[in-house]
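K.L.:
would you be able to build a 3D model of this:
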Amino acid sequence: MSQSSTDSGYRSIADLRHKLFVPSDWTVDWPVGTSDSAAGTRRRAGSRLRYSDISVLAALSGLASMIALPTLVRVALLTVLLFFGPGAAILSWVRIPRTAVPAALPILSISVVTLMVSAAMWGYRWSPRMWTLWLCLALIGSSVLWYRKHGRPDLPVWISRAREVVAPSSRTSALASVRFVLTDRETLRRNVAALILALAFFLWLPLLPGLERATYSQFGLLTAGTGPGLVLCMVLIMAGFLIALRRHQLRTMLVAIGLAIVVQRFTVTLVTSAPIYDWTYKHVAVTEFVLDLNRLAPSGVDIYSEWPSFFLVSAWFQHVTGYDTLALAHVFAPMIHVVLAAAVYGLARVMKFDKRAAITAAMLAEVINWVGQDYYSPQAWAVLLAVGFLALLMSSTLTRAAAYVSIIPFAALVPTHQLTPYWLMAVTGVLLVTRRAKPWWLMIPLGIILLGYLYPRLPIVAPYGLFQGFDPVQNAASNVEAEGVLGKQITSLVCRALSGGVFVLAFVSAIYAWRTKKTFWAPMVMAFGSIMLLAGQSYGGEAIFRVYLYAIPGCVLLITPLFLALFDRKPSQDRPSRARRLTARTSVAVATAGAISCAVLGLQSYFGLWPIVLEHRAQIDDARAVAAQSPSGTSVTMLYSSGYPARSTSDYGRLTEANEYWDVPLYALGPEYMEGFPTPEKLGQIDYNASISDTPTYMVLTRQSLEAMQYYGFVADDAVARFRQWLATNSAWSVRYQDADTIVYQYRSR
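P.N.:
Numbers count the residues shown, from 1 in each chain. Coordinates of the predicted model:
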């Protein structure tokens, strides 16, 4: 094909603009599950990417991941299998609404893998590479059977397309397109939103070094180092999103969601040397145990062995790819949010939102999700499964097949997390009874799975308290009740304001939907159903966080229609009065301010604890060395569990079997113990307990833990300094390890 030097193959500027920018009615051409009977139609369908084709490609990707390739390449290849392979195989045989595909495809895939690795461990056939091979062969076999019935893919067409992509003319055309975008004034004017997003991205990049070197601030990361720049970036992202929303530029809206995930979540990965949160490493330790010993820890070690599916998926993934557990935990949160955004979008589409409204719901779900439950944890995996289940369940009114298939993610969810399936079961029951989903008897298999799994584990979970009493106010209390410093009070106020505002706005939106005869019952059940958890459980002071986390999808489904009604409001075209114009502009301003405020408040809520949730690689390495070298019965004590994750390797199993309290921090003994600390009596008790032990006793002081004690106000202002002075002058304690952030004391006989 000849090309002109001026238009690079396009006959006019209009042709090039049409090629570059998709109009507002842009649609995603999802793969087809079946082909028509006509030969010509079948030929056309065969040239498109179908579910059976995706299944084969994912299987080949999975097989390639077991070859001796660079680790990151193997990670990418196995990720394709994990998120697309099994789901595509199922959807090639089962018809579900296309609107449910963005949620169903990845969630069905991870559900099948979750069930597969769980069955392998429980069946004493733990061999990740073998099961990966069998899974890939099963996917290929499924596609072969489908091809025999519906026709093979048109390979010459695919080869031709691949050649076109790598051809020099394609690169020349791409460069010409980029040059045109950057120089054509009309194109730039019509894509102001994309330019704002680009500005946000290029402002974010130079912030990273300053964020990495940020010092302590009681108000969190946003007031330390280059932290204020993050606020500016998020405001620009929301501004770009809202402009794109106004102009119906769907692809730009999707880019804005991705950039919001990058700024809010991927920033953490880039500016830290290790995963944040001390409690992340307890989950890392469980996975390490499976990797090292090819079995689960004994039941008495911790409760994770009874709900192990998330850890087994992680161990399977790492065994096949050779990826390190800490590295996986480090990138886990951004990955989860990408899949969660797709799942929320799919759920919104199932609830009859158009694409524009569904993308808006996904963006709102992202910016209001301040709860730090997206780290490397079973609950993060469980939330994905739950949203995918809801998308399939709500599709059951269109096709019964979706209801039957929804059993798969529910079955995968039950052995993954202790709490999530019970909330989901309650929500499902209400939806089925009120006929918002079908069939009613779906409760029977779901109940059998749920209760059948719980019954043999009742003796294990009973000590944790199945029902702690009907006291919603007490159960809603945070696990940290101390008043703390001003920064802590402000961050807590921001978190409560955002959470409470979301619930209030969701309630108002439900009334609006009812008055305007829009769908409201099913989203309202999803939004407020989690509140019933507070009727009988505090979940260790974390119930209120789970209530908000579970409510987010339902809340955004309620809020989005009201938000768009305000944002899209325009004065009447028939001689609008000044009052009507003012009302319309005020409506748009309120919606805009609300969206930007939620984004900023969510950012502060997420980063407010930054100084005390950081973990440094040097601290982790020494903690791992202590665990590896210490005999069973060793005790590692801290004031507050931050900065030195003692429980981060498979050694936690033997250490916990010998002493289940071997790494319990002093603040966990309760406010009564910390009152007046350190008194001579309590210091003497610490000395005495160490002296009667035949195994080493370590006392660890980290910068994060000392700052946390003052941040939360667990002790008096001078208590930390007095405790440090006591350790430094006590001849029974000697320094084993010391760096800029950590001092590890070891008790030795006098």
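
K.L.:
could I get the full set of strands for the stretch 301-450 of the chain?
P.N.:
When assigned using DSSP state E, counting those that start in this stretch, the stretch 301-450 of the chain turns out to have no strands.

K.L.:
then the stretch 501-650 of the chain?
P.N.:
Assigned by DSSP E, counting those that start in this stretch, the strands in the stretch 501-650 of the chain fall at 635-638.

K.L.:
flag the shaky bits of the stretch 351-500 of the chain, pLDDT-wise.
P.N.:
Scanning the stretch 351-500 of the chain for pLDDT under 70 picks out 462-482.

K.L.:
what's the answer for the chain, then?
P.N.:
Low-confidence segments of the chain, defined by pLDDT under 70, span residues 1-47, 462-482, 534-543, 572-576, 749-750.

K.L.:
ok, now with 50
P.N.:
In the prediction, the chain carries residues with pLDDT under 50 at positions 1-46, 468-470, 473, 475.

K.L.:
for residue 245, give me its contacts.
P.N.:
Applying C-beta atoms under 8 Å, 6 or more residues apart in numbering, one finds that residue 245 lies in contact with 253, 356, 360, 567. Quick note: C-beta positions are derived from backbone N, CA and C, even for glycine.

K.L.:
by neighbours, which of those residues wins?
P.N.:
Highest neighbour count within the contacts of residue 245, by other C-beta atoms under 10 Å: residue 360, with 27 neighbours.

K.L.:
my read: it touches residue 562, true?
P.N.:
No - here residue 360 does not reach residue 562: they are 11.2 Å apart, not a contact under C-beta atoms under 8 Å.

K.L.:
from the contacts of residue 245, which is closest to residue 516?
P.N.:
If you rank the contacts of residue 245 by distance to residue 516 using C-beta to C-beta, residue 567 comes first, at 15.6 Å.

K.L.:
will you turn the contacts of residue 245 into a markdown table that also has distance to residue 323?
P.N.:
Converted to a markdown table, those look like this (distance: C-beta to C-beta, whole Å):
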| residue | distance to residue 323 |
| --- | --- |
| 253 | 32 |
| 356 | 37 |
| 360 | 35 |
| 567 | 42 |
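
K.L.:
of all the residues you listed, which comes closest to residue 73?
P.N.:
Out of those, the one with the shortest distance to residue 73 is residue 253. That distance is 31.4 Å, counting by C-beta to C-beta.

K.L.:
so that closest one is in which element?
P.N.:
Using DSSP states H and E, residue 253 falls within helix 250-261.

K.L.:
helices or strands next to that helix in the packing?
P.N.:
Contacting helix 250-261 under the criterion 3 or more C-beta pairs under 8 Å, 6 or more residues apart in numbering; DSSP states H and E are the following elements: helix 192-204, helix 228-246, helix 325-350, helix 355-367.

K.L.:
what's it in contact with?
P.N.:
Residues external to helix 250-261 that are found in contact with it (C-beta under 8 Å, 6+ apart): 22, 24, 26, 191, 193-194, 197, 200-201, 234, 237-238, 240-241, 244-245, 334, 337-338, 341, 355-356, 359-360, 362-363, 366-367, 599.

K.L.:
which of the residues in that helix are buried?
P.N.:
250, 252, 253, 254, 255, 256, 257, 258, 259, 260, 261 (16 or more other C-beta atoms under 10 Å).

K.L.:
reformat the residues you listed as CSV; add distance to residue 722.
P.N.:
Supplementary listing: the buried residues of helix 250-261 in CSV, determined by distance: C-beta to C-beta, whole Å:
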residue, distance to residue 722
250, 60
252, 57
253, 55
254, 55
255, 54
256, 51
257, 50
258, 50
259, 48
260, 45
261, 44
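
K.L.:
which among the residues you listed gets closest to residue 699?
P.N.:
Taking C-beta to C-beta as the measure, residue 699 sits nearest to residue 261 out of the buried residues of helix 250-261, at 39.9 Å.

K.L.:
now residue 708: how far from residue 531?
P.N.:
Between residue 708 and residue 531 the distance is 30 Å, computed by C-beta to C-beta, to the nearest Å.

K.L.:
more neighbours: those two, which one.
P.N.:
Relative neighbour count places residue 708 above the other of residue 708 and residue 531, with 28 against 18, counting by other C-beta under 10 Å.

K.L.:
test my guess that that one contacts residue 638.
P.N.:
No - using C-beta under 8 Å, residue 708 is not in contact with residue 638; the gap is 9.9 Å.

K.L.:
thinking again about what came up before, show me which pair in the contacts of residue 245 is furthest apart.
P.N.:
253 and 567 (12.6 Å).

K.L.:
skipping its backbone neighbours, what lies nearest residue 192 in space?
P.N.:
Here the nearest residue to residue 192 in space, its sequence neighbours aside, is residue 243; by C-beta to C-beta, 6 or more residues apart in numbering that works out to 5.9 Å.

K.L.:
that neighbour: what's it in contact with?
P.N.:
The neighbourhood of residue 243, defined by C-beta under 8 Å, 6+ apart, consists of 192, 193, 196.

K.L.:
so among those residues, which ones count as buried?
P.N.:
Among the contacts of residue 243, those classed as buried by neighbour count (16+ other C-beta under 10 Å) are 192, 193, 196.

K.L.:
Throw these into CSV and include distance to residue 173, thanks.
P.N.:
Below are the buried ones among the contacts of residue 243 laid out as CSV (distance: C-beta to C-beta, whole Å):
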residue, distance to residue 173
192, 25
193, 25
196, 27
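
K.L.:
between the residues you listed, which is closest to residue 113?
P.N.:
Using C-beta to C-beta as the measure, the one of those that approaches residue 113 most closely is residue 193, at 37.2 Å.

K.L.:
right, and the closest one touches residue 248 too?
P.N.:
No - counting by C-beta under 8 Å, residue 193 does not reach residue 248; the two are 10.8 Å apart.

K.L.:
the closest residue in space to residue 64 that isn't next to it in sequence and residue 144, how far apart?
P.N.:
In space, not counting the residues next to it along the chain, residue 64 is nearest to residue 77; the distance is 5.0 Å by C-beta to C-beta, 6+ apart. The gap separating residue 77 from residue 144 is 21 Å, by C-beta to C-beta.

K.L.:
neighbour-wise, which of the two wins?
P.N.:
When neighbours are counted by other C-beta under 10 Å, residue 77 and residue 144 differ, and residue 77 comes out ahead with 22 against 12.

K.L.:
what helix or strand does the more buried one sit in?
P.N.:
helix 71-93.

K.L.:
just give me the neighbour total for residue 83.
P.N.:
The burial metric for residue 83, expressed as a neighbour count using other C-beta under 10 Å, is 22.

K.L.:
wait, I meant residue 619
P.N.:
The number of residues near residue 619, taken as other C-beta under 10 Å, comes to 25.

K.L.:
same question for residue 635.
P.N.:
The burial metric for residue 635, expressed as a neighbour count using other C-beta under 10 Å, is 22.

K.L.:
could you do the one 3 residues further on as well?
P.N.:
Neighbour count for residue 638, taken as other C-beta under 10 Å: 26.

K.L.:
now swap in residue 148 and tell me
P.N.:
A count of neighbours around residue 148, defined by other C-beta under 10 Å, yields 9.

K.L.:
what about it, which SS state?
P.N.:
Here residue 148 is helix, with the state taken from DSSP: H, G, I helix; E, B strand; the rest coil.

K.L.:
who touches it in this structure?
P.N.:
Taking C-beta under 8 Å, 6+ apart as the criterion, residue 148 is in contact with no other residue.

K.L.:
distance of it from residue 60?
P.N.:
Computed with C-beta to C-beta, the distance linking residue 148 and residue 60 is 19 Å.

K.L.:
just the C-alpha atoms of stretch 559-572, please, in CSV.
P.N.:
Listed next in CSV are the C-alpha coordinates belonging to stretch 559-572 (Å, rounded to 0.1, in the frame of the first residue of the first chain):
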residue,chain,number,x,y,z
ILE,A,559,-24.6,6.8,44.3
THR,A,560,-23.6,6.8,40.6
PRO,A,561,-27.1,7.5,39.1
LEU,A,562,-27.6,10.5,41.5
PHE,A,563,-24.1,11.7,40.8
LEU,A,564,-24.7,11.6,37.1
ALA,A,565,-28.1,13.2,37.4
LEU,A,566,-26.4,16.2,39.1
PHE,A,567,-23.3,16.2,36.9
ASP,A,568,-25.3,16.0,33.6
ARG,A,569,-27.9,18.5,34.6
LYS,A,570,-28.5,21.2,32.0
PRO,A,571,-30.9,24.1,31.8
SER,A,572,-34.0,23.6,29.7
